[in-house]
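1. Show me how the following folds:
(2 chains)
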Amino acid sequence: MNDLTESLRALSAIILKVPVKNLTENSSPDTVESWDSLAHMKLVLAVEEKFKVRLTDSEIINIDSFGKLCELVKGKQAHG
Amino acid sequence: MDNPYAVGQTLYLRHPSQQDVDGAWPAWFSDEETTRFMNLRFWPNCRESQQVFYDSLIGKRDSLVLSVIDRKTNTHIGICSLSAINWVHRYADVALVLGDKRFRKGATAFEAGSLILRIAFRRLNLRVIKGAYYSTNEFTRCFLRVCGFRDIGAYEKLVWDGQDYVDLVHTMITQEEWLANGRQS
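-> Down below sits the predicted model:
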């Protein structure tokens, strides 16, 4: 695991109100009860602020797991 | 899909139907949790008053009310609207209700909001969309913020949220801001 993944995991755990160790790549709105519409939007706002990235409509809609979120932010950072 | 007006990745929007009136729609506007931050929460809704509202929508051009439909199951899960459309100044008020609680997860609300804003700014060529939220309504505050709205002021302690008098915060987004905010795919 790299620093970015761990940083995202810590941030997501706070917003989703779950223990860090419970968040895996496959954690999703279907498996994490607290991942409701509000949590999804808070996650987007927090990620954009902390990692200085901007997510598009379709990217926000396509975040269907913690793994997808990590992949997205890594891609954004890699491309500046 | 049945008569789609705007199609998203997991949702589509269409004109409300008689089936919606005969379904769960009326009950959403009686539900205490769903209506907690709405001014109409003080009175119960019923199928008859929903029917009157539905009938009033036919041919109406100063508001656009659309049913939010889950594409996978073709389930009516909510309602969104552009209301009080002013065709001279080209502004309107936005609203969204996800009545079916099973769908209040992930990006559902955001996707519906994204679709209604695209309709407002691209299809109807409106200039400004306004919104408002009770200061204790975290959901709507975050929803409007993610959609690109900015707070422009508040009526202090104007509205009763069931526990206290709280601020009614007004927000807006212009067509230019929407086009430039980096959300468009």
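
2. Can you name the residues that contact the residue positioned nearest the centre of chain A?
-> The residue lying closest to the centre of chain A (CA atoms, centre = their mean) is residue A:69, at 4.2 Å. Applying CB atoms under 8 Å, 6 or more residues apart in numbering or on different chains to residue A:69 gives the contacts A:8, A:12, A:43, A:47, A:63. Glycine gets a C-beta too; all of them are placed from N, C-alpha and C.

3. change it to 10 Å
-> A:5, A:8-9, A:11-12, A:23, A:25, A:27-28, A:43-44, A:47, A:55, A:59, A:62-63 (CB atoms under 10 Å, 6 or more residues apart in numbering or on different chains).

4. same deal with residue A:34?
-> Residue A:34 touches A:15, A:16, A:17, A:18, B:105, counting by CB under 10 Å, 6+ apart.

5. And these, which is closest to residue B:117?
-> residue B:105 (20.9 Å; CB to CB).

6. For chain A, see how far away residue B:137 is.
-> 10 Å (CB to the nearest CB, to the nearest Å).

7. My guess is that residue contacts residue B:143. True?
-> Yes. Using CB atoms under 10 Å, residue B:137 is in contact with residue B:143, at 9.2 Å.

8. List, one by one, the residues from chain B near chain A.
-> B:8-11, B:96, B:98, B:101, B:103-115, B:117-118, B:138-147, B:181-185 (CB under 10 Å from any CB of the partner chain).

9. Mind giving me the ChimeraX select for the contacts of residue A:34, buried ones only?
-> Of the contacts of residue A:34, the buried ones go into a single ChimeraX selection, burial set by 16 or more other CB atoms under 10 Å in any protein chain shown:
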select /A:15,16,18 /B:105
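
10. Any chance of JSON lines for the contacts of residue A:34, columns pLDDT, distance to residue B:159 and secondary structure?
-> Putting the contacts of residue A:34 into JSON lines (pLDDT from 0 to 100; distance: CB to CB, whole Å; DSSP: H, G, I helix; E, B strand; the rest coil) gives the following:
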{"residue": "A:15", "pLDDT": "96", "distance to residue B:159": "27", "secondary structure": "helix"}
{"residue": "A:16", "pLDDT": "96", "distance to residue B:159": "30", "secondary structure": "helix"}
{"residue": "A:17", "pLDDT": "95", "distance to residue B:159": "28", "secondary structure": "coil"}
{"residue": "A:18", "pLDDT": "95", "distance to residue B:159": "33", "secondary structure": "coil"}
{"residue": "B:105", "pLDDT": "90", "distance to residue B:159": "28", "secondary structure": "strand"}
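
11. Just name the closest of the contacts of residue A:34 to residue A:37, please.
-> Nearest to residue A:37 among those, with distances taken as CB to CB, is residue B:105, at 6.2 Å.

12. Okay, and which of the residues of chain B next to chain A map to strands?
-> Using DSSP state E, the subset of the residues of chain B next to chain A located in strands is B:11, B:96, B:98.

13. what separates the second one from residue B:144, distance-wise?
-> Plainly put, residue B:96 is 10 Å away from residue B:144 if you go by CB to CB, to the nearest Å.

14. Next: the last one.
-> According to CB to CB, residue B:98 and residue B:144 sit 15 Å apart.

15. Between these two, which has more neighbouring residues?
-> Taking other CB atoms under 10 Å in any protein chain shown, residue B:98 and residue B:144 do not tie; residue B:144 has more neighbours (25 against 22).

16. Give me the mean pLDDT for stretch A:53-71.
-> Averaging pLDDT along stretch A:53-71 gives 95.

17. what's the first-to-last distance across stretch B:3-21?
-> Distance across stretch B:3-21, first residue to last, is 16 Å (CA to CA, to the nearest Å).

18. quick revisit: quick one: which of the residues of chain B next to chain A sit in helices?
-> B:108-115, B:117-118, B:138-146 (DSSP state H).
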